[in-house]
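Novice: Would you be able to build a 3D model of this:
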Amino acid sequence: GESPAARLIADAQLAATKAPDRGGAQISFINASGVRTDLKPAADGSVTYGDIFALQPFGNNLVVKTLTGAQLKALLEQQFKVENGQAKVGSLLVPSAGFRFSYDLSFREGQRIQAMSLNGRPIRNEASYRVTVNNFLASGGDGFSVLNQGTDTFDAGLDLDALEAW
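Specialist: The predicted structure is shown next:
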């Protein structure tokens, strides 16, 4: 599920891709299943490259794509699955700072996302947003096929480089 380590990764990815010459990202997502451990600093507070590699060991590239607000909602809807007639969160997408969403599992498929905002402003269906994900997600991994619809793709380098820089 959501964790401080997942938030750290999402924020690092956004920081690495926010500049216009790095993709111009406004939002970043990490799949919770892509975070393999917690980050545990040493007693002196230091963190080694080995520590961040254990956290994120896949060597994925960061990909920035343009999605509409409607596509963002559809993407977030893909987190849910139904088991034994009950809706539940399947593969969670953890967002970077500034992006918020709420959902209600009692609603029917395609209507569970109740609100989305970026830096306190509602996401508009027709507006375009630059979104960073790893290349696994960008290709539809974990069932997030909406990401295949993204346009203006920019390769922003290795995820570990972004985390190390952050």
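Novice: Next secondary structure element downstream of the longest helix seen in the chain?
Specialist: Longest among the helix segments of the chain by residue count, using DSSP state H, is helix 4-17. Where DSSP states H and E defines the elements, the next helix or strand beyond helix 4-17 is strand 27-31.
Novice: Remind me what that following strand packs against, helices and strands.
Specialist: For strand 27-31, the packing partners by 3 or more CB pairs under 8 Å, 6 or more residues apart in numbering; DSSP states H and E come out as helix 4-17, strand 93-95, strand 128-134, helix 135-138. To be clear about C-beta, it is placed using only N, CA and C from the backbone, and glycine gets the same treatment.
Novice: Of those, which is nearest residue 68?
Specialist: strand 128-134 (5.9 Å; CB to CB).
Novice: if we can go back for a sec, can you list the buried residues in the longest helix of the chain?
Specialist: By neighbour count on 16 or more other CB atoms under 10 Å, the buried set for helix 4-17 is 5-17.
Novice: Take the helices and strands packed on strand 27-31 and lay them out in TSV including distance to residue 70.
Specialist: As requested, these are exported to TSV (distance: least, CB to CB, whole Å):
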stretch	distance to residue 70
helix 4-17	22
strand 93-95	16
strand 128-134	11
helix 135-138	19
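Novice: Compare those and give me the one nearest residue 153.
Specialist: Judged by CB to CB, the one of these that comes nearest to residue 153 is helix 135-138, at 7.5 Å.
Novice: helices and strands around the closest one, which ones?
Specialist: Applying 3+ CB pairs under 8 Å, 6+ apart, one finds that helix 135-138 contacts strand 27-31, strand 61-68.
Novice: Tell me where this structure is predicted with low confidence.
Specialist: Within the chain, the stretches with pLDDT under 70 are 1.
Novice: wait, what's in contact with the residue most central in space within the chain?
Specialist: Closest residue to the average C-alpha location of the chain: residue 29 at 0.8 Å, with CA atoms, centre = their mean. By CB atoms under 8 Å, 6 or more residues apart in numbering, the residues touching residue 29 are 10, 93, 94, 95, 96, 131, 132, 133, 137.
Novice: so which of those comes closest to residue 75?
Specialist: Among the contacts of residue 29, and counting by CB to CB, the member closest to residue 75 is residue 93, at 7.3 Å.
Novice: If the residue lying closest to the closest one once chain neighbours are set aside is in a bridge, with which residues?
Specialist: Nearest residue to residue 93, sequence neighbours excluded (CB to CB, 6 or more residues apart in numbering): residue 29, at 4.5 Å. The residues listed as beta-bridge partners of residue 29 by DSSP bridges are residue 95.
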